[in-house]
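Student: quick one, structure for this:
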Amino acid sequence: MITAVHTLVYSDDAPATRAFFRDVLRWPSAADEVAEGEPEWPIFRSGPSELGVHPTSGEGDDHAPRHHSISLMCDDLAATMDELRARGAEFTTDPVDRGFGVLVFMAVPGADDMMLYEPHHAVAHDLPVG
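Tutor: Reported below is the predicted structural model:
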């Protein structure tokens, strides 16, 4: 049985990206669980997950070239932005309502921007498994 989704972020400045997840997002990591001889790369607990599949072609505006994307979800976008700004986060866009939710893009040091959004859609991350 699949138990989780493991997400990878590739960074040009891995220490800065890791510090952002640790210090700004305040995600705990399994860094203390690293076995002797393994690289000391923290694996962060990112919370509940869900996965959507969007079309790469067809009708409508909701298609793009094939790629993967990471988005962070929150219950209150304005409050979350204020909290993250107080910890040093920078936002590269203004909030905009895209129908599925209100979103903003956040700079991630050493990596691509990440979407942060307050969903308007039903969420799946707290549905029972199995």
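
Student: any idea where the helices of the protein begin and end?
Tutor: Read by DSSP state H, the chain holds these helices, from start to end of the chain: 14-19, 77-86.

Student: which of those helices comes out lowest on mean pLDDT?
Tutor: Looking at those, the lowest mean pLDDT belongs to helix 14-19 (a mean of 92).

Student: which parts of that one are buried?
Tutor: 17-18 (16 or more other CB atoms under 10 Å). Just so you know, the C-beta spots here come from the backbone N, C-alpha and C atoms, and that holds for glycine as well.

Student: can you get me a residue count around H125?
Tutor: Neighbour count of H125, defined by other CB atoms under 10 Å: 11.

Student: that one reaches P48, doesn't it?
Tutor: Yes. Using CB atoms under 8 Å, H125 makes contact with P48 at a distance of 3.5 Å.

Student: pLDDT value on M106, please?
Tutor: M106 is assigned a predicted lDDT (pLDDT) of 97.

Student: what does stretch 108-127 contact?
Tutor: Around stretch 108-127, the neighbours that count as contacts under CB atoms under 8 Å, 6 or more residues apart in numbering are 9-17, 19-20, 47-50, 69-77, 80-81, 84, 92, 97-107.

Student: which of the residues you listed count as buried?
Tutor: Applying the neighbour count, that is 16+ other CB under 10 Å, the buried entries in these are 9, 11, 17, 20, 73-74, 77, 80-81, 84, 101-106.

Student: pick out the most distant pair among those.
Tutor: Of all pairs drawn from these, the greatest distance, 26.9 Å, lies between S11 and V102 (CB to CB).

Student: distance of A31 relative to E83?
Tutor: A31 sits at a distance of 23 Å from E83 (criterion: CB to CB, to the nearest Å).

Student: equivalent analysis for E50, please.
Tutor: Using CB to CB, we find E50 at a distance of 22 Å from E83.
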